[in-house]
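K.L.:
pasting the sequence and the predicted coordinates here, then a few questions.
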Amino acid sequence: MSVPIRPIVDPAIRLEILSADDVVRIHEATLEVIETVGVRFPSEQALALWAEHGAAVDRSTGVVRVPRRIIEEALKLAPPVYDLAARDPSQDLPLDGRHVHAATDGCGVEVFDIDTGERRRSQLRDVGQIALVADALDEVSFHWIPVSAQDVPARARGLHELAACWGNSTKHVQTESIVTVHEAEGAVEMAAAIAGGRDALRRRPVLSIMQCTTSPLGQDGGSVDAALVAARAGIPVGFMTMASCAFTGPVTIAGSLVVGNAEVISALALMELAAPGCPVYYAAAQTAMDLRSGAYTGGGPEDFLFGGATNALADFYNVPLSMGSFATGAKLPDWQAGIENSLSTFMASVAVSDMLLGLGLLNGSRIFSFEQLLMDAEIFSIVRATLGGIPVNDDTLALDAIRAAGPAGDYLTLPHTRSHMRQLWRPRFMDRRPYGQFEEAGDTARDWARERAREILRTHRPDPLEDGLAAELDRIVAAVEASGEGVE
């Protein structure tokens, strides 16, 4: 059965990282970069579209320099509000600037095995198991493809992953693994089968696609071509910058915002030139390079500031945002993971980012942990409760209860307490036991989370695909695989 999703709705607490003037200055700097420095588009389709619409195209380098007017006019065509559909319509996601939806993270290449605890390469069965556990969590509103199915052929790997998600969950799926035209065409065919046809898919997109830019100031050709297939089919498409301070972007946060913004809005503008009015979204997961090791950090104050600032840019362009949150750089579910995931999620949520990504992955989105998934869901539930604010009305002021209890009284047995007690937040994995009980038991939150994940795998049964759909998805995947086309 389907589990109702519980996103953050209309946060009572909001935060602005950038002033309106700051946003305009970043926008103006971005347009200058796109027009004078340019962005690389290694795609014949893309270069032809840019040339057709008046951009300066250098075919020897693939760099296009686009007048600001073209970018600004194209972005105006993007719909500001739309829904991401789910197999179960009650789990549809409104992207309207009022909701904050959380999802698993993507592209991990290793997992901590749910049975042995050992770290190993990720497989297709992991994709299905993770989707099943996430399907049972009301904090998870939609799925990213969490790990790479490295035990199936690469040419159709992204399609195997989609089938595993849809077969184990009724929630919306957003994939970052479709990076060739042939897989994109297969993905559209699969999504149309789920939705009930191509026209139905345009009305209810059960799939959205995210592509990564190649910082600094570049796109991936296969990803752009795949995105064009999706955009023309009415499937929402986003582009994610991961420009990193001092490495693939300037050392300053503002400078890296300019580089990342140029990558994203140039790609979104291209989608609108190709398919005017197609649903697009901004995506970002920016960070800072560790200056001692050169490593991707996946956490720290720069990440938290990027989270809030990127939402201001997406709002300026009036498009939804899919934002890297969680996805700690910690190697294990430990104090570092708790700090980084709590602060990144709070900052992105208080800025009202539409979609938050990252539940369950460790080591900078490389290793999936079922324990971390459950504990990240608890972090989201804490943020959700906090951003609900403090309702103040005749009932919550509780004057009748205060009179009934009087000085030195007891509120525990009062009707007011019974009617409101379930509004108090209750933990599942935070340890509030007396010390003696904790010491005697010897277990920890990780043990509880692991057992809860195992319980879900044993007992949770999401609504199955309609008769014949699973076989149809398998047929589409097999056809793409047998074509011999795509990446190897």
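P.N.:
Sure, I can see it. Numbering: from 1, shown residues only.

K.L.:
where's the residue nearest to residue 217 when sequence neighbours are not counted relative to residue 117, distance?
P.N.:
Spatially, and ignoring its direct neighbours in sequence, residue 217 is nearest to residue 39 (5.0 Å; C-beta to C-beta, 6 or more residues apart in numbering). Heads up, the C-betas are built off the backbone N, CA and C, glycines and all. For residue 39, the distance to residue 117 under the criterion C-beta to C-beta, to the nearest Å works out to 44 Å.

K.L.:
those two - which one has more neighbours?
P.N.:
Under the criterion of other C-beta atoms under 10 Å, the comparison of residue 39 against residue 117 puts residue 39 first, with 27 against 12.

K.L.:
what are the phi and psi values for that one?
P.N.:
The main-chain torsion angles of residue 39 are listed as degrees, to the nearest 10 and equal phi -130, psi 140.

K.L.:
residues in a beta bridge with it, which ones?
P.N.:
For residue 39, the beta-bridge partners under DSSP bridges are residue 64.

K.L.:
look at it and report its pLDDT.
P.N.:
For residue 39, the pLDDT comes out at 98.

K.L.:
can you check residue 485 too?
P.N.:
Reading off the confidence values, residue 485 has pLDDT 53.

K.L.:
what of residue 326?
P.N.:
With respect to pLDDT, residue 326 scores 84.

K.L.:
tell me, how many residues neighbour it?
P.N.:
With neighbours defined by other C-beta under 10 Å, the count for residue 326 comes to 31.

K.L.:
who's in contact with the closest residue to residue 1 other than its chain neighbours?
P.N.:
In space, not counting the residues next to it along the chain, residue 1 is nearest to residue 463; the distance is 6.5 Å by C-beta to C-beta, 6+ apart. The neighbours of residue 463, taking C-beta atoms under 8 Å, 6 or more residues apart in numbering as the test, are 1, 2, 87, 88, 170.

K.L.:
so how far is the first residue of stretch 90-110 from its last?
P.N.:
Using C-alpha to C-alpha, to the nearest Å, the end-to-end distance of stretch 90-110 comes to 33 Å.

K.L.:
that should have said stretch 106-125, apologies.
P.N.:
Start and end residues of stretch 106-125 are separated by 15 Å (C-alpha to C-alpha).

K.L.:
give the buried residues for that stretch.
P.N.:
Taking 16 or more other C-beta atoms under 10 Å as the neighbour-count basis, stretch 106-125 is seen to contain the buried residues 106, 107, 108, 110, 111, 112, 114, 122, 123, 124.

K.L.:
who's in contact with the last one?
P.N.:
The neighbourhood of residue 124, defined by C-beta under 8 Å, 6+ apart, consists of 149, 151, 152, 160, 161, 164.

K.L.:
are any of the contacts of residue 463 buried, and which?
P.N.:
Of the contacts of residue 463, these count as buried by 16+ other C-beta under 10 Å: 2, 87, 88, 170.

K.L.:
pLDDT check: weakest of these?
P.N.:
Across the buried ones among the contacts of residue 463, the member with the lowest pLDDT is residue 2, scoring 87.
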